[in-house]
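Enquirer: predicted model, plus sequence, below.
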Amino acid sequence: MSLKDKEKWNAKYESSACLAGREPVPWLADHAGLLSGQGMALDIAMGEGRNALFAASLGYDVLGVDISDVGIARAESLGRENKLTIRTQVADLDHYSIEDDSYDLILCFYFLNRHLFEGIRKGLRPGGVLMYETFTVDYLQYSGFRREWVLEKNELLEAFPGLSVLDYREVDEAENETAYASLVARKE
Ligand SMILES: C[S@@+](CC[C@H](N)C(=O)[O-])C[C@H]1O[C@@H](n2cnc3c(N)ncnc32)[C@H](O)[C@@H]1O
């Protein structure tokens, strides 16, 4: 397990009541109409659970994976508050295998590990949906991020061959000092 990542993220979560807020990422909420709410969902790098719990509220049986036990404990507590149950797993995603043909929905928000791309594609069941959003290269002008931590132009669009892209965008919001790409794709 990458102890440095775990310590870094545990400290971040301990220093704030709810770092990313309780509401799901707008891209997920805005595309909820594409989601059946049936079957299994995986939230990769779930954090404090804002997106995993939203998927659970739609009816999915959700597994949330993250390296931070503090984030996971917070997600579980938020779930109890809202009478929503999710399954959780503390794991290092740098050394993680997604089971083939297992998920009807895969979420990945603000986390990038290119080694997982193939597993994500194979992990979706036919009809399964992928929602992904994270920072792009344009974000480097607003942050001290390293280039390998952000997506290249069009990278997310081309990262999952064989999936049908249902929606895609690249955004650079100077006023909010953020830049990111968002994808919704389905395995036909
Ligand atoms: C920016 S947060 C995003 C959290 C969540 N997806 C959201 O949108 O609210 C990044 C998350 O990645 C997790 N993370 C970082 N490195 C990780 C690793 N190697 N394995 C598993 N999780 C990791 C952190 O603990 C943190 O919760």
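Expert: Here it is on my side, so go on. Numbering: from 1, shown residues only.
Enquirer: break down this structure into its strands, ranges please.
Expert: In the chain, the strands defined using DSSP state E lie at 40-44, 61-66, 87-90, 103-109, 124-135, 163-173, 178-187.
Enquirer: and the ligand, is the longest one touching that?
Expert: When you say that, I think you mean strand 124-135. No - shown here: strand 124-135 not in contact with the ligand (Cβ under 6 Å from any ligand atom), separated by at least 8.1 Å. The C-beta positions use only the backbone N, C-alpha and C, and glycine is treated the same way.
Enquirer: partner strands of that strand and their direction?
Expert: strand 103-109 (parallel), strand 178-187 (antiparallel) (DSSP bridges).
Enquirer: what does the protein have sitting close to the ligand?
Expert: 2, 5, 9, 20, 25, 45-47, 50-51, 66-68, 71, 92-94, 109-111.
Enquirer: quick revisit: columns mean pLDDT, distance to S16 and mean neighbour count on top of the strands of the chain, output as JSON lines?
Expert: As requested, the strands of the chain are arranged in JSON lines below (pLDDT from 0 to 100; distance: least, Cβ to Cβ, whole Å; neighbours: other Cβ atoms under 10 Å):
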{"stretch": "strand 40-44", "mean pLDDT": "98", "distance to S16": "20", "mean neighbour count": "26"}
{"stretch": "strand 61-66", "mean pLDDT": "98", "distance to S16": "16", "mean neighbour count": "23"}
{"stretch": "strand 87-90", "mean pLDDT": "98", "distance to S16": "19", "mean neighbour count": "16"}
{"stretch": "strand 103-109", "mean pLDDT": "98", "distance to S16": "17", "mean neighbour count": "25"}
{"stretch": "strand 124-135", "mean pLDDT": "98", "distance to S16": "19", "mean neighbour count": "21"}
{"stretch": "strand 163-173", "mean pLDDT": "98", "distance to S16": "22", "mean neighbour count": "14"}
{"stretch": "strand 178-187", "mean pLDDT": "98", "distance to S16": "18", "mean neighbour count": "21"}
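Enquirer: among the ones you listed, which comes closest to E155?
Expert: Closest of the strands of the chain to E155 is strand 178-187, at 7.4 Å (criterion: Cβ to Cβ).
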